[in-house]
Every structure is written in structure tokens, then in C-alpha cells.
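Chemist: Show me the folded form of this:
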Amino acid sequence: MAIALYRFSDETLLENKAWRDANAPLGCHYASPNTLRNVLIEGQPIVVLEMNLTKDKICGIGLIFNHANVSDKSIYSSPRYANFNYVYTGTHRIDATQFNSQELYVIDYFERKLFYGKSNLKRGNSLHFMNPPLSNPLRLRFFVDMFVSRFPELAHLETLVQ
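Modeler: Just a heads-up that it's a prediction; the model follows:
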């Protein structure tokens with residue numbers, strides 16, 4: 001398992017939400033110009049922290065599996081995303097409005113690391129893996145526990161975190 005980041009602006013976040021709503025029951029949908037296949041084993045689960053770069057906030061957390069579909073359609077209006085042909089979708093997503101107070105405390109820590117300081121991770125676009133030490137097994141366990149507490153059918157993920 002791994003933790004990845006996906007960067008949104010307010011505009012692309014709204015376009016993504018509109019696409020997800022129109023294509024229910026998808027929980028999350030991420031397009032990328034590159035495949036992740038070379039980094040992780042095909043089918044391996046990936047927790048995706050959704051970064052809103054306009055607001056410097058984590059706006060949600062998605063769960064995908066390392067399997068990309070190729071698409072020639074972009075869900076975004078900006079030509080900047082025209083070559084984002086590899087699409088990762090998942091049926092499980094936790095919106096920021098659903099975080100409880102304990103989760104918000106940890107999310108605040110991640111927001112400080114992701115959005116502020118000299119080593120912030122705001123640069124770049126699309127889907128990228130989070131660097132160690134932010135993606136250590138203890139932090140991965142936190143996100144897996146968030147999903148398992150809301151989606152009991154994902155209990156098998158606990159065996160993948162050391």
C-alpha cells in the first residue's frame with residue numbers, strides 16, 4: 001500500500017465532483033498523464049489525499065487500486081489536462097466534511113506539511129506518491145483505519161499495513 005497526492009484547484013475540484021456525481025457510484029476519480037504501474041504492483045491499494053491548492057486544505061481522501069484505464073476524454077475544461085489519459089477510479093472516498101475531531105487533528109498535521117514551509121508538496125500536478133517520512137506505515141495505518149471504520153468491507157486492507 002502507498003499514500004499518494006492529487007492536486008486540485010477550486011475549479012478542477014468542482015469539475016471532478018460534477019463528473020463523479022454524473023457517473024455514480026464512483027467515489028473518486030483521478031486522471032494522470034503517467035501510469036503508476038512501474039512504481040507499485042498492479043492492483044495494489046493506494047490512499048489518495050486530495051489537496052485543494054486554492055484553499056490549502058485536504059478536501060477528501062480516496063481509495064484506488066493500481067489499475068489505470070486509458071481514456072481519450074478529459075473531465076476538465078482546461079487544455080492543461082488534455083493529456084491526462086490514465087484514469088484511476090475507486091468506489092470509496094471520504095469527504096473532508098466527514099472527518100471527525102480526532103481525524104481533523106491528524107489532517108491538520110498533514111496540511112501543515114503539505115501546504116506550508118520550504119518542503120511543501122504543492123508543486124506538480126496529477127497523481128504523485130507522498131515522500132517518506134510522511135508516508136510511513138503508522139500514517140498509512142491511520143488512513144486505512146479511517147476507511148475501515150466507514151466501510152467494513154475494506155477490513156482486509158488492515159493486513160496490508162505492517
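Chemist: which non-adjacent residue is nearest Pro15?
Modeler: Actually, residue 15 is Glu rather than Pro. Computed as Cβ to Cβ, 6 or more residues apart in numbering, the closest residue to Glu15 that is not its neighbour in sequence is Tyr76, at 5.3 Å. To be clear about C-beta, it is placed using only N, CA and C from the backbone, and glycine gets the same treatment.
Chemist: could you check the distance from the one you found over to Tyr30?
Modeler: Look at Tyr76 and Tyr30: by Cβ to Cβ, to the nearest Å, they are 11 Å apart.
Chemist: And the strands in the chain?
Modeler: Using DSSP state E, the strands assigned to the chain run over residues 2-8, 28-32, 45-52, 57-65, 69-70, 86-90, 92-95, 127-129.
Chemist: for those, which one sits closest to Ala22?
Modeler: Closest to Ala22 of these, according to Cβ to Cβ: strand 28-32, at 10.5 Å.
Chemist: Identify the neighbouring strands of the helix or strand of the chain with the lowest mean pLDDT in the sheet and state each direction.
Modeler: Within the chain, no helix or strand scores below strand 127-129, which has a mean of 86 by mean pLDDT, DSSP states H and E. Note on strand 127-129: by DSSP bridges, its sheet partners are strand 2-8 (antiparallel).
Chemist: Report the mean per-residue pLDDT for the partner strand.
Modeler: What strand 2-8 shows for mean pLDDT is 93.
Chemist: Strand 45-52 and that strand, what's the angle between them?
Modeler: Put simply, strand 2-8 runs at 30 degrees to strand 45-52, going by axes from the mean of the first three to the mean of the last three Cα atoms, to 10 degrees.
Chemist: picking up where we left off before, which residues sit against the least confident helix or strand of the chain?
Modeler: For strand 127-129, contacts defined as Cβ atoms under 8 Å, 6 or more residues apart in numbering pick out 2-6, 30, 32, 34, 36, 39, 48, 88, 121, 135.
Chemist: quick one on the thing from earlier: mind putting the strands of the chain in a markdown table, mean neighbour count and distance to Leu140 included?
Modeler: Putting the strands of the chain into a markdown table (neighbours: other Cβ atoms under 10 Å; distance: least, Cβ to Cβ, whole Å) gives the following:
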| stretch | mean neighbour count | distance to Leu140 |
| --- | --- | --- |
| strand 2-8 | 21 | 6 |
| strand 28-32 | 21 | 17 |
| strand 45-52 | 22 | 7 |
| strand 57-65 | 22 | 12 |
| strand 69-70 | 9 | 25 |
| strand 86-90 | 19 | 16 |
| strand 92-95 | 19 | 15 |
| strand 127-129 | 19 | 12 |
